[in-house]
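Q: Output the structure for:
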Amino acid sequence: MKVGVYFCRCGGIVSDKIDADEVHRRLVRLPEMGYFTAIDLACSEEGKAAMTADLAQRGPDRVVVIACSPREHEETFRAVLANAGINPFLMQMVNVREHVAWVTESGQTATDKAFHLARAALARVVHHEPLERREIDVSTDTLIIGAGPAGLKAAITLAEAGRKVVLVEKGPILGGMPVRYEEVFPRMECGPCVLEPFMAEAMHGPHAHNIEILLTSEVVELAGSLGSFSVKVKVSPRYVDLTTCVGCGACIEPCPVSHPNAVNCNLSTRKAIDFAFFGGLPNVPYIDPRACLRLAGQEPACELCRTACPVAGAVQLDAREQVVDRQVGALLLAVGSSLYDCGRLPELGYRRLPGVLSSLEFERMAAGTGPTGGEIRLSDGRPPERVAIIHCVGSLDPKHNPYCSGVCCLNAFKFNRILGHKVPRARVSHYFRTIVAPGKDECDLYQQAASAPTTTMLSYRQIDELSAELNGDGRISIRQDTRIDDYDMVVLMPAIIPSESTRQLAHLLEVGLDHRGFCEELHGRVDPTKSKTRGIYLAGTCQAPMDLARAMTQAASAAGLIMAELVPGRKLPIEAIHAEVDADRCSGCRCCLAVCPYKALSLDPDREVAEVNPVRCVGCGTCVATCPSGVIKGRHFTNAQIFAEIEGILT
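A: This is a model prediction of the structure:
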């Protein structure tokens, strides 16, 4: 077997430290050695052309390139081999720039190291196999789970590019959590006003024909991989037809049932058939089957809402759940997050003392569409005179959540502004552990709050320094060590945590969770919008706590990655380096399934043996090392190749 060796001088960067002639003299004694050629700058256009011509003329069986990092130029030299008519995987690179020339002071030592690395490459490359890359046809459609800000932004971005989108939302309206907010920081814009253009664009815009919206729906089954996912979506009935209903609300008043309104944090009631809240889109009521007398089986004959409706067929009391199938090329997970249960810190009085609210409850009270019509008031109707806002409830605390949610402080200072406008005489105290207000506009919000004459900033070290109790006047006394202050209202700022739906979907979609319970990204700094399952992308607070701007940016980034990876008319290349299972020897023990970080392995239901999905597999080798029977092979990283390389180093 003839091995051609190409030494790149790297414009003198390598050859100034490593003696190429000496490496040649020592390599020529090895039986695998065919010929040795030095090139001044192999990655340049001239260098690649010269190397291509030389390869075509000499026709080596294998090739070793002594140059720089494979991460930087392995694909460059594989392309050179392919252009010369040689299988690109019959090459091994030796990194003598970063690993030797840049980090070794002595020229003789550097030359010795380069020789040993080259000898190892020669020993390894004779075991290389001619691998082939395959290509498959793909679907360019995308299914997005979650119709909050991130989901809407991604859907519209993809639709504007002519892509088909299926937008799945478990709730009855679009917009997610921020659509419930009267104002969003840092510029105090109206939350529904900020999101209304996106909701209207998705429903009625010029590209709305590319977006299929499935409300009151959830994904229940997933199969396939990037480019070819098969998804089953359970669509629960709304009992009011979206295309027929005109949103007049005539059906609401006759309904005899009122029950707590979860959208308003149970601070108000809604009828069994009602709108989510005024201004929620689509502007169509829906029936809660748990409250409806007919659907719950208590009054099977009740149809007062249908009788009152002036549009025939709009109220559909006999609607049934259905499961629909969708074929897509990629999925985007944008299901949002939840807030930490303040009741887990009982000393702060949540659910125990009247006037103690969570941040979301205060948001809804302050909203014009909320339970009080936007008035900040106590249970007896009076506006509060003194308000305490307690930061970091369940954050930065090893007993609860050790991380910082990053946006709670700015929400707290937003509340300061809201109180200043709606209850200008109210005095506000911020109990804070630390202040987090990054950004070009965000710090202004903090400074305005801190400098207001009606605001007091009180620092604490640990949350257990604080406790709340009712005093003799019915007000809330907050004790901090020996200090006691009385308040009419207390607002708690809880940590942002993963939602229950995040955990459920992560299990269903085989997307990993990090140690905090958020969806785990491929790389937290350079690939935060990709999950470790190829073809499934992340956006918004299911991946990490973040503000509205970052969620929107992440959604646009994910949409861009999807468009770049799934291009109409272009096939999807499958990486040749992946694991292979010898099905005849596999016992079906499932050890490999448990350790694969990319969920690339599954069990063949007919033969009960492991099989590899080459689209998902990245060739990391975890399954190869785990298999107790040694029946999994890592293509291009076989035992024979690795042991030969080790022996070449040590000989």
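
Q: how about the strands in the stretch 551-651 of the chain?
A: Counting by DSSP state E, counting those that start in this stretch, the stretch 551-651 of the chain has strands at residues 572-574, 579-581, 601-603, 610-612, 632-634.

Q: May I have the beta-bridge partners of the residue nearest to the spatial centre of the chain?
A: Central residue of the chain (C-alpha atoms, centre = their mean): Leu538, 2.5 Å from the mean position. Beta-bridge partners for Leu538, by DSSP bridges, are Leu333.

Q: so it touches Leu333, yeah?
A: Yes: if you go by C-beta atoms under 8 Å, Leu538 and Leu333 touch, sitting 5.4 Å apart. Yep, even glycine has a C-beta here, placed from its N, CA and C like the rest.

Q: shared neighbours of the two, which are they?
A: 511, 519, 531 (C-beta atoms under 8 Å, 6 or more residues apart in numbering).

Q: how many neighbours does Glu575 have?
A: By other C-beta atoms under 10 Å, 16 other residues sit near Glu575.

Q: Equivalent analysis for Cys408, please.
A: The burial count for Cys408: 25, using other C-beta under 10 Å.

Q: Can you tell me how far the residue nearest to Glu135 when sequence neighbours are not counted is from Val491?
A: Among residues not flanking Glu135 along the chain, Lys571 sits closest, at 3.8 Å (C-beta to C-beta, 6 or more residues apart in numbering). Taking C-beta to C-beta, to the nearest Å as the measure, Lys571 falls 55 Å from Val491.

Q: How about Arg26?
A: Arg26 is 75 Å from Val491, by C-beta to C-beta.

Q: Between those two, which has more neighbouring residues?
A: With neighbours defined as other C-beta under 10 Å, Arg26 and Val491 compare such that Val491 has more, 27 against 18.

Q: if I look at the more buried one, how far off is Met563?
A: 42 Å.

Q: can you list the strands of the stretch 551-651 of the chain in CSV and add mean neighbour count, mean pLDDT and distance to Phe77?
A: Compiled in CSV, these are given as follows (neighbours: other C-beta atoms under 10 Å; pLDDT from 0 to 100; distance: least, C-beta to C-beta, whole Å):
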stretch, mean neighbour count, mean pLDDT, distance to Phe77
strand 572-574, 16, 89, 18
strand 579-581, 21, 96, 24
strand 601-603, 18, 92, 31
strand 610-612, 21, 95, 27
strand 632-634, 21, 96, 21
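
Q: Format those as TSV; extra columns: distance to Phe89.
A: What follows is those, written out as TSV (distance: least, C-beta to C-beta, whole Å):
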stretch	distance to Phe89
strand 572-574	14
strand 579-581	14
strand 601-603	23
strand 610-612	18
strand 632-634	13
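
Q: Could you list the domains of this protein?
A: Structurally, the chain divides into domains by automatic domain parsing as follows: 3-125, 340-497, 575-635.

Q: What's the separation between the closest residue in space to Ala250 that isn't next to it in sequence and Gly148?
A: Ranked by C-beta to C-beta, 6+ apart and with sequence neighbours excluded, the top spatial neighbour of Ala250 is Ala308, at 5.1 Å. Relative to Gly148, Ala308 is positioned 33 Å away (criterion: C-beta to C-beta).

Q: out of the two, which sits in the more crowded spot?
A: Neighbour comparison, Ala308 and Gly148: the larger count goes to Gly148, with 28 against 17 (by other C-beta under 10 Å).

Q: For the more buried one, which non-adjacent residue is closest in space?
A: Gly176 (2.2 Å).

Q: rewinding a little: can you tell which of the strands of the stretch 551-651 of the chain is closest to Lys271?
A: strand 601-603 (47.2 Å; C-beta to C-beta).

Q: what's Ile529 in contact with, if anything?
A: For residue 529 the amino acid is Thr, not Ile. Contacts of Thr529 (C-beta under 8 Å, 6+ apart): 521, 537-539, 543, 554, 557-558, 561.

Q: In three-state terms, label it for me.
A: Classification of Thr529 using DSSP: H, G, I helix; E, B strand; the rest coil returns strand.

Q: Apart from its chain neighbours, what residue comes closest to it?
A: Ala558 (4.2 Å).

Q: Around the one you found, how many other residues sit close by?
A: When neighbours are defined as other C-beta under 10 Å, Ala558 has 29 of them.

Q: Pull up the gap between it and Leu332, please.
A: Separation of Ala558 from Leu332 (C-beta to C-beta): 6 Å.

Q: what do the two both touch?
A: Listed as contacting both Ala558 and Leu332 by C-beta under 8 Å, 6+ apart are 154, 537-539.

Q: Between all of those residues, which two are separated the most?
A: Ala154 and Leu538 (10.6 Å).

Q: Please identify every residue contacting each of those two.
A: Joint contacts of Ala154 and Leu538 (C-beta under 8 Å, 6+ apart) are 332, 334, 558.

Q: would you say Gly381 is within a helix?
A: No: using three-state DSSP, the secondary structure at Gly381 is coil, not a helix.

Q: Neighbour-wise, give me the winner out of the shared contacts of Ala558 and Leu332.
A: Ranking these using other C-beta under 10 Å puts Ala539 first, with 33 neighbours.

Q: Please name the residues that touch that one.
A: 150-151, 153-154, 332-334, 529, 551, 554-555, 557-558.

Q: how long is stretch 122-141 end to end?
A: Terminal residues of stretch 122-141 lie 46 Å apart, using C-alpha to C-alpha, to the nearest Å.

Q: Ignore what I typed, I meant stretch 617-632.
A: Stretch 617-632: ends 13 Å apart by C-alpha to C-alpha.

Q: Give me the distance between Cys408 and Asp488.
A: Distance from Cys408 to Asp488, by C-beta to C-beta: 22 Å.

Q: Over to Phe432?
A: 20 Å.

Q: repeat for Met199
A: From Met199 to Asp488 the distance is 36 Å (C-beta to C-beta).

Q: in what helix or strand does the closest residue to Gly349 other than its chain neighbours lie?
A: Counting by C-beta to C-beta, 6+ apart, Gly349 lies nearest to Ala468, which is 3.8 Å off, once chain neighbours are set aside. Per DSSP states H and E, Ala468 falls inside strand 466-470.

Q: Any idea how far the next helix or strand along the chain from that strand is from the middle of the chain?
A: Next in sequence after strand 466-470, counting helices and strands by DSSP H and E, comes strand 476-480. Centroid separation for strand 476-480 versus its chain: 40 Å, with C-alpha atoms, centre = their mean, to the nearest Å.
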